[in-house]
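Q: fold the following and give me the result.
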Amino acid sequence: MTPAISVVVPTYNEEASVERCLASLADQTLPRDEYEVIVVDGDSADRTREIAAGYADRVFVQSSPKVGGARNDGVLAAASPLVATTDADCVLPRGWVERVRDDLLREGVVMVYGTVEPIEDTIGNRLSLGLANLGSAAGSRLGFHYTLGCNSAFRKDAFVRAGMYRTVDAGDDLEIARRMVREGRVLFDPRLRVGFSMRRYEQFGTIRSLYQWLYIVRKGGESQKYTYSRREYK
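A: Numbering: from 1, shown residues only. Predicted structure coming up:
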């Protein structure tokens with residue numbers, strides 16, 4: 001039976017986080033046999049693939065470069081015409097998979113995305129992501145879609161026609177929406193929320209991390225100065 005939707009999770013040395021993510025994906029309102037989970041790994045040196053094998057339908061090492069390439073590999077391997085993506089350090093609420101599927105089945109919708117809330121629940125983290133979510137809501141009304149790879153989903157055929165993710169260091173998940181709007185409707189659903197890890201910002205500092213991300217995006221997604229997407233985290 002063809003799954004109703006496929007969920008792609010890129011990983012890289014995520015043994016400390018991946019089980020929490022995949023356990024949340026296993027505990028969904030949609031029956032587990034109606035969707036598939038695909039883990040695309042960046043050749044981790046830890047137990048990431050071993051842990052993932054206990055939850056995912058497929059686990060394999062990526063053949064395309066960087067996190068955008070890992071997501072592309074997963075989408076191409078997906079058995080369903082509907083594909084969602086998230087990150088290995090995220091936590092998905094129980095209704096997430098079902099809501100993503102229902103949104104993608106709306107007439108004309110080719111891409112859907114939502115909001116994020118901090119797993120590390122501090123006032124500063126809530127404020128930072130609250131402002132980001134307000135920006136996403138406002139941008140969607142103006143035709144600027146602030147999409148994140150941890151909470152996005154596509155119609156597979158439209159995603160492939162659009163050229164898929166660029167394989168760059170940063171901004172690939174934001175840039176894809178600019179091309180998806182040519183294929184159909186890009187939908188912002190504020191009820192589509194995921195738990196988002198703030199470990200990057202807590203380790204390196206919010207201002208510093210955002211500055212480096214913006215610097216790389218302004219350079220076209222790649223930079224010799226910073227290596228944003230391949231850091232090792234504590």
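Q: grab the nearest non-local neighbour of residue 136.
A: residue 146 (4.5 Å; Cβ to Cβ, 6 or more residues apart in numbering). All C-beta atoms are positioned from the backbone trio N, CA, C, and that covers glycine.
Q: ok but the one you found is inside a helix, no?
A: No - assessed with DSSP: H, G, I helix; E, B strand; the rest coil, residue 146 is coil; it does not lie in a helix.
Q: tally of neighbours for it?
A: Counted with other Cβ atoms under 10 Å, residues neighbouring residue 146 total 18.
Q: any idea how far it is from residue 113?
A: 8 Å (Cβ to Cβ, to the nearest Å).
Q: which residues do those two both contact?
A: Listed as contacting both residue 146 and residue 113 by Cβ atoms under 8 Å, 6 or more residues apart in numbering are residue 136.
Q: give me every residue that touches the closest residue in space to residue 8 that isn't next to it in sequence.
A: In space, and not counting its chain neighbours, residue 8 is closest to residue 74: 3.2 Å by Cβ to Cβ, 6+ apart. With contact set as Cβ under 8 Å, 6+ apart, residue 74 has these partners: 6, 8-10, 38-40, 83, 85.
Q: recalculate using a threshold of 10 Å.
A: Taking Cβ atoms under 10 Å, 6 or more residues apart in numbering, we find residue 74 in contact with 6-10, 37-40, 58, 60, 62, 64, 83, 85.
Q: check which helix or strand covers it.
A: Per DSSP states H and E: residue 74 is located in helix 66-77.
Q: chain center to that helix: distance?
A: 11 Å (Cα atoms, centre = their mean, to the nearest Å).
Q: tell me which residues in that helix are buried?
A: 66-76 (16 or more other Cβ atoms under 10 Å).
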